[in-house]
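**Student:** Structure here, sequence nowhere to be found:
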């Protein structure tokens, strides 16, 4: 039976690790504050003392931590990932990290004889719990194939995107489209409202047409109620739009629409909406 | 059994009239060039000599013609709709017409004791054939209720939107959102392509996420193949965006995103893409 | 000595007529409310009873009234311009009017054997008083040449632009550039202010560089003081931007920048800034 | 008599140094390739062997080199500026350099007891030759005051902007306004041309109005002739627009207009216009 390691047991990580356990794998977990490991251990996971120990005892170790700083710590600290990685002890980073960090870790892992994948996910808490995440994997192709059983347990789709960095880039592309779709909805609803049409009817009609989608179904009512509990914080969407534009700059792709959408989201950040859901962009449009 | 009239037997109208016949209603049809009536008559419809005759012999008459000029002719000509309309002989205009024309016809019908609805549709040939149209009805509420069996036979949804003009306005709102959604997809795919990512994978990932929708499934492959057979001509989308912006001007709703998207579609029209599908906007973005 | 007629003695018209008088011409004036004629008569102008009388007694009659509705009344009323126009009795409309109205008057004047020019002006009260207006003339070339002495008395430049309609179109082009220039200043100053730079220094530096211009010198301090006494009301600028975009639509010229600037001015109108100077666009940018 | 050092004798630097010589100062020059020093020496300048020697022998040394890499070399090399700087031996960097580099040099100079100013210039070859540059100075206030005679010899204006970094930031603000002004002209001229108006007349009218400026006079004819000899390369303007937007991001200033203008310039870069003058943006608008 394959042994998987899992580092980082926050909202996302604990849901992902639990799905590995429930799929019947041998799972060793670690979290900076140890008490978060208890529920996992209660369901059958084993406890690792340090990232190094987890990696050394596992065939493939997954990590899901808060940000690139946490990733660096988990990897490069004395008892970190790199102290355990090597032939037969591979590493998959599912946090979203920046390109240089990703490349640096990839090289370090390869130098030690291990294999590396970056595999940022799309989807938030609910899909993580339901095993419905989507993995944007890039790096070692062989590891991608070998880790498929784990991806299957945690998600509904894992795609292989080529060289390290492509996972993060793909996420920017997907999120910039999502931002544009949201902005289109927000402007349309604002126009309907000002024009004396019933916004709820707009939602009903959209849902009966070719652009019907879950995002409209989930966020549309938030716009009508003007209440935006954060599922994907607006400031993160604006950051991704900014980074997508930076990618466009670097590869020579003009993006008139995305640039405009970014400024509108930026206006929402400045208006103090950054910590609300990205659907709160409606507040600076209407 | 209710008798319905149907004026205009083009691609849309003949499909709609056929669904009325197949639902078991007594249907009287008319078309400017008479030979187009033959297939309908072969399936059980009766033939009317003029719009006046159709209206006079029917409880409710529907019209689906090419443009506002055709609508005016069908209504105001000597043997037109208005010569037959009156108490018990109502009229539903399902073509998309401009506000002043709609209001003018509404008044004329009311003066003669009949009832009037504008009820433009969303959906094209296939939904018309499958009885899956959506009707955006505005005008006489009683007629809306009474005509429900006919709407049920021809469509999957009919919504009542209030005063005459709201049907056309709602269509602009829906189409402007659709234009924004398409532009978001086109910019995202262009960015992916320039950035060394596989556009087909972008489509696959979108379809696994919360913005998955029929439009992306239908148009995405067109963008990858760079072939845009017209389902909804780009020039019509640009016209609707322009009119949505004009509505925004008149009701005091700024629309930064829609204005930008409109200019991009305008650029596509100027580049000679007006008669291709509106997905051809990709050609001026990539 | 040439006899000139002048219809409309508001702020602009009275200044223009006065300059004709002071240049030594024989001037006959008329205004809807007669008391506004008195100061002109006191300086040597003669009083006409009706537009018809003024036109019939003058070689060339100029009109400067509030809007197209006033223009139509002055021209088409029973004792209006058209009742006096004919060979040797020509007409120059210096108000800004829409294309169809201009064409209609041009035809009517020509049918009666007179000659017609539309000649909207750029410049407001001060340039009118100082004889520094610019005339954007279109229509009869011979009349343009013959009226040169009058243009010289009232302005610093009169250009001939060809067929009727080109005067109004040229004004839209000029004003849309002016709107874009103002928006560029406003965004730059806002960026400076947020970025910890002294906005007054930005103005000083601009004035020492290649884009130094009177508009920046006049409006820049207004932005710093956040006080916008109306010289050219913002709502009129937004209307001209909208019409310039409509011209772009009709002639096939995409205008991404102008469309964005228009939406920003629109936002200022919606925010209640329409009656302030167009420099008040700063308030929705900063 | 004050002794000034000057490092970097390219097109800009040699003109600036010559103006110092002609103003009667004792000037010591240095250039990487020594032959460029000869014309200066012929007019009375002395030759320094290394940047260190120049700085050690001068009260204030100015530098004008190609890019931040050249600046770093001139400063940090073994025989560089820092080897000569100290009390009574100050340094003014007039090249445009990035913030971190500027801050790093400022600290190093201060640690050695010298004083530092960043003082990027606006203006190109001709203003440099004519002593009409504008200096955007930031850093040590005392040095700014003491160097005034040199600024007077080389430019028409030097402003003090506060802490190091503000010089570069101010330049971005000024250039982003200039980019917006150019884009407004380009869209207006394109609209005129498509609309059947004479673009040359637009230029004539602009020059008679309140937005009349040198940039329009210089670049307008280039647009009409569609020839854009590089004075300020388009790719540099686009870079400055991008950096101005990045500044807007970091200080929380949304910039809808600038973002749109940037994308249009970006489109011009992608279309291969990056090395032409920034007025070549007209080619992707018309």
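**Tutor:** Cool, the structure landed. This structure is a prediction, so every number in the text was calculated from the model and none was measured.

**Student:** ok, residues contacting stretch A:125-137?
**Tutor:** A:11-12, A:15-16, A:18-19, A:92, A:94, A:117-123, A:144, A:151, A:153-161, A:166-168, A:170-171, A:174, A:231, B:205, B:208-209 (Cβ atoms under 8 Å, 6 or more residues apart in numbering or on different chains). In short, each C-beta sits where N, CA and C put it, glycine included.

**Student:** Narrow those residues to those in strands?
**Tutor:** Of the contacts of stretch A:125-137, the ones assigned to strands by DSSP state E are A:92, A:117, A:118, A:121, A:122, A:155, A:156, A:157, A:158, A:159, A:160.

**Student:** What is the most widely separated pair among those?
**Tutor:** Comparing all pairs in these by Cβ to Cβ, the longest separation belongs to A:118 and A:156, at 19.2 Å.

**Student:** who has more neighbours, the two?
**Tutor:** Using other Cβ atoms under 10 Å in any protein chain shown, the more surrounded residue of residue A:118 and residue A:156 is residue A:118, with 31 against 15.

**Student:** Apart from its neighbours in sequence, what residue is nearest the more buried one?
**Tutor:** Nearest residue to residue A:118 in three dimensions, chain neighbours excluded: residue A:167, at 4.5 Å (Cβ to Cβ, 6 or more residues apart in numbering or on different chains).

**Student:** And that neighbour, how far from residue A:61?
**Tutor:** 17 Å (Cβ to Cβ, to the nearest Å).

**Student:** Same check on residue A:175?
**Tutor:** According to Cβ to Cβ, residue A:175 stands 27 Å off from residue A:61.

**Student:** Can you go through the contacts of stretch A:125-137 and name the buried ones?
**Tutor:** In the contacts of stretch A:125-137, burial by neighbour count holds for A:12, A:15-16, A:18-19, A:92, A:94, A:117-123, A:144, A:151, A:153-155, A:157-161, A:166-168, A:170-171, A:174, A:231, B:205, B:208-209, counting by 16 or more other Cβ atoms under 10 Å in any protein chain shown.

**Student:** Phi, psi for residue A:133 please.
**Tutor:** Dihedral angles phi and psi of residue A:133 (degrees, to the nearest 10) take the values phi -70, psi 160.

**Student:** what's around it, how many residues?
**Tutor:** The number of residues packed near residue A:133 is 25, by other Cβ under 10 Å.

**Student:** tell me the contacts of the residue nearest to it when sequence neighbours are not counted?
**Tutor:** Nearest non-adjacent residue to residue A:133, counting by Cβ to Cβ, 6+ apart: residue A:155, 3.7 Å away. Applying Cβ under 8 Å, 6+ apart to residue A:155 gives the contacts A:121, A:123, A:127, A:131, A:132, A:133, A:134, A:135.

**Student:** From the residues you listed, which one has the minimum pLDDT?
**Tutor:** Among the contacts of residue A:155, residue A:123 has the lowest pLDDT, at 80.

**Student:** Touching, it and residue A:232? I think so.
**Tutor:** No. The pair residue A:123 / residue A:232 is not scored as a contact, 10.1 Å apart, by Cβ atoms under 8 Å.

**Student:** roughly how far apart are residue A:255 and residue B:183?
**Tutor:** 10 Å.

**Student:** Between the two, which contacts overlap?
**Tutor:** Common contacts of residue A:255 and residue B:183 (Cβ under 8 Å, 6+ apart): residue B:285.

**Student:** These two - which one has more neighbours?
**Tutor:** The neighbour count for residue A:255 versus residue B:183, taken as other Cβ under 10 Å, is higher for residue B:183 (31 against 27).

**Student:** give me every residue that touches the more buried one.
**Tutor:** Per Cβ under 8 Å, 6+ apart, neighbours of residue B:183: A:180, A:184, A:257, B:261, B:264, B:265, B:281, B:285.

**Student:** Of these, keep whichever come out buried.
**Tutor:** Among the contacts of residue B:183, those buried by neighbour count (16+ other Cβ under 10 Å) are A:180, A:184, A:257, B:261, B:264, B:265, B:281, B:285.

**Student:** and chain C, which of those contact it?
**Tutor:** Near chain C, judged by Cβ under 8 Å from any Cβ of the partner chain, the entries from these are residue B:264.

**Student:** closest to residue C:75 among the buried ones among the contacts of residue B:183?
**Tutor:** Nearest to residue C:75 among the buried ones among the contacts of residue B:183, with distances taken as Cβ to Cβ, is residue B:265, at 39.7 Å.

**Student:** what about that closest one, distance to residue A:262?
**Tutor:** To residue A:262, residue B:265 is 20 Å away according to Cβ to Cβ.

**Student:** and if you look at residue A:187?
**Tutor:** Distance from residue A:187 to residue A:262, counting by Cβ to Cβ: 15 Å.

**Student:** what's the neighbour count on the residue nearest to residue A:249 when sequence neighbours are not counted?
**Tutor:** Excluding the flanking residues, the one nearest residue A:249 by Cβ to Cβ, 6+ apart is residue D:242, at 6.1 Å. Around residue D:242 there are 20 other residues, counting by other Cβ under 10 Å.

**Student:** now the strands: where do they sit in the stretch 51-200 of chain A?
**Tutor:** Along the stretch 51-200 of chain A, counting by DSSP state E, counting those that start in this stretch, strands occupy A:60-63, A:90-93, A:116-118, A:121-122, A:133-139, A:155-160.
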